[in-house]
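[1] please work out how this folds:
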Amino acid sequence: MAKPVIYDAYGRPIERAALTQEVAAPRVGTARTPTAGYPADGLNPVRLAAILRAADLGEPRQFLELAETIEERDPHYLGVIGTRRRSVSQLDVTVEAGSTDPEDEKIAQMVRDWLDRDELSGELFNILDCLGKGYSGTEVVYDFSEGQYRPRLIWRDPRSFRFDRNDLETPMLLNAYGQPQPLEPGHFIWATIKAKSGLAVRSGLARVAAWGWMFKMYTQRDWAIFTQTYGQPVRLGKFAPGTSEEDKATLFRAVADIAGDCAAIIPEGMSIEFIEAGNVGAAHQLYKERCDWIDQQISKAVLGQTSTTDAVVGGLGSGKEHREVQEDIEKADAKALAAIINRDLIRVWVQMEYGPRKVYPRIRIGRAKEEDLKALTEALGPMIDRGMEVDMADLRERFGLPEPKAGAKMLRPQGAGAQPTDPSDPNSKIKRVLDVFKRVEPVSAPTPAPQAEGPLAGKKQGGSAEDVLTDRMQIEAAPAIEGMMAKIEAMMHAAGSLEELQQMLSEGFADIDTTDLAEVLSRGLLAANAGGRVAVLEDSQ
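    Residues are numbered from 1 along each chain as shown. Okay, here's the model as predicted:
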């Protein structure tokens, strides 16, 4: 049975057999030679402009060699471009199945197994070479030795690629004779993550860094010359009128050699004067500040900020803002890289294994969202005390804590050995705070009066009307008070300090149900008022 025709993301048919052979390997003596040139030697503004102009016209070889040289010779640019590439290449890579269908889940697991390799981080780092140079080409060679296609990624020198002269956008591969040929469908991961909109060859960060690097080299050259004579006095030789040329030459040699040898001889009648250089520190600072300023501009272009490399943050707020800007760049790079791999690798690979499909698995590259677990813990305590129900399994997952094993020793907070007890229990642990020194004493809950059939149940023998009314209110208010005290007791068990208890009481006061207690007090006050009026009438008669 013939295998179905498969296509790449651009609708071009893919030849399966061709994808098992390398087509872009370098070879000395061909157009894809691995040897490099050094256009940065003797670089000046006129030559740099000519290199960039040639790249714009479709001949980027010297520009790519210049970009390579800058990475080799400028420690600052090497550091910041490496930081940006590594920050993305080391992010977590996850796979989402195309659907919930079992076969789609199986395909997604195949991709996960392939991604779980130590080489992946280095392969992503090589693909991200496009950040500096504007583009990168990674050859994909499929191994079919075990009866299944397994991709192998090989970085290819960007000098091996050109662009179609008609649009300067379509990538081409140089053959052994230097003739550009269209890329084999499905054979390359072609990456362009642009620093700005426009042609890929004009969108690399190396174009910006090239100007800064050139001007910094001028400054460093002048700085090196200055350093050679830093602090050395000017030697001024003086000769009398009528001195012969031979004596003048002797004097000049003495002035020139005295700094190194610290010794010289001159004819009698001649003298050497040493003139100390003034304010040499200011000149030294000028060179340093100019180099630092150029480095800061490169940091802004590559990382979007300067705080990571130059430590010139104005405060906590500024540093936090800078970190957020860099995080935005990292997210954008990660999304662009994932889209490129999904387009040029995952889609083709799945078709080679399972044929054309309606949906394909997708990889996602990104940093796991950081959660402030401390803030979550502080917020959950009062909310749970107010009755909010929280799934313990969800909390364990967020904190990364497994389910405790049977018989394992449990960690418990101090003083939390027992659950809150019923306030009606004489042994209840309800406590009352006496002062700020945390001195506490047990307070027994009110004991309900015995029930009786008469209307004045619980009335003390020989008691007054006030005592009868007080006992009655105590009986009717006991359930409401017990409910309130139970919530307060729970807060006391959950609180770790007096300050926390005070906060919990103030925040939870509105949630305490006082309706029943208010009703009892209202009826008691009404009865007391009516009883007082009756007593006044009886006394007046």
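
[2] count of neighbours near Asp222?
    Using other C-beta atoms under 10 Å, Asp222 has 14 other residues around it. Every residue, glycine included, has its C-beta placed from N, CA and C.

[3] actually, Lys487.
    The number of residues near Lys487, taken as other C-beta under 10 Å, comes to 19.

[4] now the one 5 residues further on
    For Met492, the number of neighbouring residues by other C-beta under 10 Å comes to 19.

[5] over to Ala379?
    11.

[6] before we move on, which element is it in?
    Taking DSSP states H and E as the criterion, Ala379 maps to helix 373-385.

[7] go on, Trp155?
    strand 150-156.

[8] mind listing what's buried in that strand?
    By neighbour count with 16 or more other C-beta atoms under 10 Å, strand 150-156 contains the buried residues Pro151, Leu153, Trp155, Arg156.

[9] just stretch 130-143 next, same as before
    For stretch 130-143, by 16+ other C-beta under 10 Å, it's 130-142.

[10] mark which of these are part of strands, please.
    If you go by DSSP state E, those have Ser136, Gly137, Thr138, Glu139, Val140, Val141, Tyr142 in strands.

[11] was I right to think the first one contacts Leu128?
    Yes: Ser136 lies in contact with Leu128 (C-beta atoms under 8 Å); the separation is 7.4 Å.

[12] between these two, what contacts are shared?
    Ala191 (C-beta atoms under 8 Å, 6 or more residues apart in numbering).

[13] what's the pLDDT at Ala490?
    Listed pLDDT for Ala490 reads 77.

[14] phi and psi next, for it.
    Main-chain dihedrals, Ala490, degrees, to the nearest 10: phi -60, psi -40.

[15] surely it touches Asp385?
    Yes: counting by C-beta under 8 Å, Ala490 does reach Asp385; the two are 5.7 Å apart.

[16] what separates stretch 516-525 from the chain centre, distance-wise?
    In this view, stretch 516-525 has its centroid 59 Å away from the chain centroid, taken as C-alpha atoms, centre = their mean, to the nearest Å.

[17] so for it, mean pLDDT?
    The average pLDDT within stretch 516-525 is 80.

[18] again with stretch 494-510
    77.

[19] one step back: can you pick out the most distant pair from the ones in strands among the buried residues of stretch 130-143?
    Largest separation among those by C-beta to C-beta: Ser136 and Tyr142, giving 19.9 Å.

[20] break the chain down into its structural domains.
    Structural domains of the chain, as assigned by automatic domain parsing, span the residue ranges 6-209+322-366, 233-276, 421-449+463-540.

[21] most neighbours per residue, which of the ones you listed?
    Each of these was scored by mean neighbour count; the highest is domain 6-209+322-366, a mean of 17, by mean count of other C-beta atoms under 10 Å.

[22] show the end-to-end separation of it, please.
    30 Å (C-alpha to C-alpha, to the nearest Å).

[23] mean confidence score for it?
    When pLDDT is averaged over domain 6-209+322-366, the result is 93.

[24] over to stretch 296-312?
    Across stretch 296-312, the per-residue pLDDT values average to 78.

[25] hang on, the earlier thing: which one of the ones in strands among the buried residues of stretch 130-143 is nearest Lys288?
    For those, the minimum distance to Lys288 (C-beta to C-beta) is 35.2 Å, reached by Ser136.

[26] so that closest one versus Gln181, what's the distance?
    Going from Ser136 to Gln181 by C-beta to C-beta, to the nearest Å gives 18 Å.

[27] quick one: the strands in this protein?
    Under DSSP E, the chain gives strands at 6-7, 13-14, 92-96, 136-143, 150-156, 161-163, 171-174, 180-182, 188-191, 234-238, 271-275, 362-366, 431-433, 440-442.

[28] next, format those as a markdown table and append distance to His284.
    Below are the strands of the chain laid out as a markdown table (distance: least, C-beta to C-beta, whole Å):
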| stretch | distance to His284 |
| --- | --- |
| strand 6-7 | 64 |
| strand 13-14 | 62 |
| strand 92-96 | 47 |
| strand 136-143 | 41 |
| strand 150-156 | 43 |
| strand 161-163 | 45 |
| strand 171-174 | 48 |
| strand 180-182 | 51 |
| strand 188-191 | 43 |
| strand 234-238 | 17 |
| strand 271-275 | 19 |
| strand 362-366 | 46 |
| strand 431-433 | 67 |
| strand 440-442 | 69 |
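
[29] nearest to Asn44 among those would be which one?
    Smallest distance to Asn44 across those (C-beta to C-beta): 26.7 Å, for strand 161-163.

[30] show me what the closest one pairs with in its sheet, parallel or antiparallel.
    Note on strand 161-163: by DSSP bridges, its sheet partners are strand 171-174 (antiparallel).
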